[in-house]
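J.: with the sequence up front, the predicted model follows.
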Amino acid sequence: MAEKDNKIYLTTPIYYVNSKPHIGHAYTTLAIDVLTRYYRILGKEVFFLTGTDEHGAKIAEAAQKAGKTPQEFCDEISGLFKTAWQNLNIDYSYFIRTTDKSHEEKVAEFLNVLKSNGYLYEGEYAGKYCVGCEKFVTDKDLVDGKCPDHKCEPQDVAEENWFFKLRQLLPKIKELIESDKLLILPEKAKSEVLGVIKQGLDDVSISRKSVSWGIKLPWEESQTVYVWIDALLNYWTVLQNLGKMEFWPVDLHLMGREILKFHCIMWPAILLAYYGDDAIDQLPKQAFCHGYFTIDGQKMSKTIGNIVDPNDLIKKYGTDATRYLLLTQFPFGGNDGDVSLSRLDEKYNSDLASGLGNLVARVVTLATKLKVQPVRIATQSVAGGSAKLKVKGSRLEQNILEAKNKYNFSLALENLKIDEALGAIWELIGACDKIIDTEKPWELANEKLKTKNEKVIKDLLVVLGEIAEMLKPFMPQTADKILEQIKTNKSEPLFPRLN
RNA sequence: CGCGGGGUAGAGAAGUGGUAUCUCAUAGGGCUCAUAACCCUAAGAUCGCAGGUUCAAUUCCUGCCCCCGCAACCA
């Protein structure tokens, strides 16, 4: 990952407020939260941006249906996102709303520059317009040539709009993607974007006459800015407004595949138009595309009504367990992962209650029963391998080393292999359980044995401390609880078993 | 011929041109420090179907079948 003087800029997409937060939003946001916490532990300055996308005809419509003004509606939904992130213990640096005045002003400023740089021109947008809907519709919207909502045939209407010279910049974008200067991962996603470019794209209309809920075009106030332009610019306007351009450019945009095109084609294009077409150092370094959740084999959708609210999971499992359960549903960047609610219970019981929770309980109890002095834990051992064990050359040490060698924790995290990084931690947990079984440190037959057992337990406490350090980015509260228990030798169940 | 993803033990997933791996569930044994937890062992897969290339294919090629996304709310 590229660095600017120890600074890193990570983003989630800004979420469209026409629906409440669900576990898909939560997944993306969590992943960035984990990376943010990890890099901060390593001593980097991280700017983590998330927020909500609030303009456009769809929002105005949804607000009307809900009997609210668009602004009221946005305030409400945006608030739900904030609450959800608070419940999930998301440590973002800033939460942008595209209805923020400061954002709107910067968007106008940006577009003025695009215009004076010669990248905008007036053109005609022709299409079918439904009077009932008060918006342009496509053939796909129609049933038997009529609008399904209003049962009327749309009229052919042409609208004067402003267009962005996207085509002119496409060869440049293509080259940047092919050469990985604009890195798109995984490879599959890169091919998909290149495929879209190869098919050819037209210049895009960046303004709308027919949409009133949006940012006014600064030089022609009868038009509003196309929502996608408005939305993409958030990554830039926030740093501008906060005076934090030292974090620019973006190191990583994380997203699901459906919005990949916008982030990998249009977004770099408008940045080149603004900064000059050789300003590749202003472009995002990496776009990473992750899989989608399906619920019991089906896509989450409002129509099916199978959307899972992260708050419900938090109520049942708690914040950290929910973080863990969501992050381990599938290999990052791989295919879609299926979530079945019963499997979440299983995973909670096996990994968290029987795995992590039980291990902490048995080690801390052993320490208490054998009156082992609390151990001082060296912090900052995130990368693993730094703990010093008492019993040199022991089976414990060997098992721990083996467990550590199986996965490279840091490398996994830096490559966004979140499931693998967690796998590294669970290898350690397994190694500890095995060693307790073979060493039987609860036996107190004689003094010699007692001394040996004390050493074993101290070592286990040290490894437990390491596990806690590694857990910090994923389950911050749990990590602190474990460290507290090690320090005080007071055992308290971390994850009560579900029945 | 729209485009794309996928079909591997009961469930969920890895994986590779040459003894098929992991997690959960199941069975037997062990242990008793621990959240009926932990440890060991076992059973369980003709790797979707049919052809082909090869000394050798689950892995490469061809055809077929089935599931699921992309066009409509939606990361």
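T.: Here it is on my side, so go on. Quantities reported herein were computed from a predicted structural model and do not represent experimental measurements.

J.: state the mean pLDDT of stretch A:80-92.
T.: For stretch A:80-92, mean pLDDT rounds to 96.

J.: output that stretch as CSV, nothing but the C-alphas.
T.: Output of stretch A:80-92 as CSV, limited to C-alpha atoms (Å, rounded to 0.1, in the frame of the first residue of the first chain):
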residue,chain,number,x,y,z
LEU,A,80,-29.8,5.0,11.2
PHE,A,81,-26.4,4.4,9.5
LYS,A,82,-24.7,6.4,12.2
THR,A,83,-26.4,4.4,14.9
ALA,A,84,-25.6,1.1,13.3
TRP,A,85,-21.9,2.1,13.0
GLN,A,86,-21.9,3.1,16.6
ASN,A,87,-23.4,-0.2,17.6
LEU,A,88,-20.8,-2.0,15.6
ASN,A,89,-18.0,0.1,17.2
ILE,A,90,-16.9,1.5,13.9
ASP,A,91,-14.1,4.1,14.4
TYR,A,92,-14.4,6.2,11.4
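
J.: hmm, that stretch touching RNA strand B?
T.: No. Using C-beta under 7 Å from any atom of the strand, stretch A:80-92 never reaches RNA strand B; the gap is at least 10.3 Å. Backbone N, C-alpha and C define where each C-beta goes, glycine included.

J.: residues in contact with that stretch?
T.: A:15, A:17, A:20-21, A:25-26, A:29-30, A:33, A:36-37, A:48-50, A:52, A:95, A:310-311, A:314, A:319-320, A:322-323, A:476-477 (C-beta atoms under 8 Å, 6 or more residues apart in numbering).

J.: filter those down to the ones close to RNA strand B.
T.: Within these, those near RNA strand B by C-beta under 7 Å from any atom of the strand are A:15, A:25.

J.: narrow the contacts of stretch A:80-92 to those in strands?
T.: A:15, A:48-50, A:52, A:95 (DSSP state E).

J.: relative to RNA strand B, which of those residues is nearest.
T.: The nearest member of these to RNA strand B, counting by C-beta to the nearest atom of the strand, is residue A:15 at 5.0 Å.

J.: number of nearby residues for the closest one?
T.: 25 (other C-beta atoms under 10 Å).

J.: now chain A against RNA strand B: closest residue?
T.: For chain A, C-beta to the nearest atom of the strand, closest residue to RNA strand B: residue A:357, 1.8 Å.

J.: give me phi/psi at residue A:416?
T.: Backbone torsions for residue A:416, taken as degrees, to the nearest 10, come to phi 60, psi 20.

J.: that one reaches residue A:288, doesn't it?
T.: Yes. Counting by C-beta atoms under 8 Å, residue A:416 touches residue A:288, with 5.8 Å between them.

J.: any weak-confidence spans in chain A?
T.: Scanning chain A for pLDDT under 70 picks out the ranges A:1-3, A:127-155, A:157, A:330-335, A:337, A:375-396, A:403, A:405-406, A:445-446.

J.: still on that earlier bit, so who does the residue of chain A closest to RNA strand B touch?
T.: So residue A:357 contacts A:493-496 (C-beta under 8 Å, 6+ apart).

J.: and residue A:208, by the same measure?
T.: Here residue A:208 is in contact with A:57, A:159, A:161, A:214, A:223-226 (C-beta under 8 Å, 6+ apart).

J.: same thing with residue A:468?
T.: A:377, A:478-480, A:482-483, A:486.

J.: where does it fall, helix, sheet strand or coil?
T.: Taking DSSP: H, G, I helix; E, B strand; the rest coil as the rule, one finds residue A:468 in the helix state.

J.: not counting its neighbours along the chain, what's nearest residue A:194?
T.: Distances taken as C-beta to C-beta, 6 or more residues apart in numbering place residue A:177 nearest to residue A:194, at 6.1 Å, with adjacent residues excluded.

J.: show me what the helix or strand hosting that neighbour is packed against.
T.: Assigned by DSSP states H and E, residue A:177 belongs to helix A:166-178. Packing contacts for helix A:166-178, counted by 3 or more C-beta pairs under 8 Å, 6 or more residues apart in numbering; DSSP states H and E, involve helix A:187-199, helix A:267-275.

J.: give me the contact list for the shortest one.
T.: By C-beta under 8 Å, 6+ apart, the list of residues contacting helix A:267-275 from outside reads A:110, A:113-114, A:117, A:119, A:164-166, A:169-170, A:172-173, A:176, A:182, A:229, A:232-233, A:235-236, A:279-280, A:282-284.

J.: mind checking which of these land in strands?
T.: Short answer: the contacts of helix A:267-275 in strands (DSSP E) are residue A:164.

J.: return the members of the contacts of helix A:267-275 classed as buried.
T.: A:110, A:114, A:119, A:164-166, A:169-170, A:173, A:176, A:182, A:229, A:232-233, A:235-236, A:280, A:282-284 (16 or more other C-beta atoms under 10 Å).

J.: now do the SS call for residue A:277.
T.: Applying three-state DSSP: residue A:277 is coil.

J.: inside helices: which ones of the contacts of residue A:468?
T.: A:478-480, A:482-483, A:486 (DSSP state H).

J.: now, which of these lie close to RNA strand B?
T.: The subset of the ones in helices among the contacts of residue A:468 within reach of RNA strand B, counting by C-beta under 7 Å from any atom of the strand, is empty.

J.: most neighbours of all those residues, which one?
T.: Result: residue A:482 is most packed of these (other C-beta under 10 Å), 26 neighbours.

J.: ok, residue A:165 touching residue A:117?
T.: No. The pair residue A:165 / residue A:117 is not scored as a contact, 9.8 Å apart, by C-beta under 8 Å.

J.: about what we covered before: return the most buried member of the helices and strands packed on helix A:166-178.
T.: helix A:267-275 (a mean of 22; mean count of other C-beta atoms under 10 Å).

J.: and it, how far out from the chain middle?
T.: 24 Å (C-alpha atoms, centre = their mean, to the nearest Å).

J.: ok, stretch A:300-311 next?
T.: Taking C-alpha atoms, centre = their mean, the mean C-alpha location of stretch A:300-311 is offset from the chain mean by 19 Å.

J.: can you convert the helices and strands packed on helix A:166-178 into a markdown table and add a column each for distance to residue A:426?
T.: Shown next, in a markdown table, are the helices and strands packed on helix A:166-178 (distance: least, C-beta to C-beta, whole Å):
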| stretch | distance to residue A:426 |
| --- | --- |
| helix A:187-199 | 27 |
| helix A:267-275 | 37 |
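
J.: want to throw those into CSV with distance to RNA strand B?
T.: Converted to CSV, those look like this (distance: least, C-beta to the nearest atom of the strand, whole Å):
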stretch, distance to RNA strand B
helix A:187-199, 6
helix A:267-275, 14
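
J.: nearest to residue A:447, out of those?
T.: helix A:187-199 (60.9 Å; C-beta to C-beta).

J.: got the angle for that closest one vs helix A:166-178?
T.: If you take axes from the mean of the first three to the mean of the last three C-alpha atoms, to 10 degrees, helix A:187-199 sits at 150 degrees to helix A:166-178.

J.: quick one: contacts for the residue lying closest to residue A:249 once chain neighbours are set aside?
T.: In this structure, residue A:249 finds its nearest non-sequential neighbour in residue A:282, 5.4 Å apart by C-beta to C-beta, 6+ apart. Counting by C-beta under 8 Å, 6+ apart, residue A:282 makes contact with A:248-249, A:271-272, A:274-275.

J.: max pairwise distance over those residues: which two?
T.: Maximum distance among the contacts of residue A:282 (C-beta to C-beta): 14.6 Å, for A:248 and A:272.

J.: the helix or strand hosting residue A:410 packs against which elements?
T.: Using DSSP H and E, residue A:410 sits within helix A:409-414. Applying 3+ C-beta pairs under 8 Å, 6+ apart, one finds that helix A:409-414 contacts helix A:23-41, helix A:418-439.
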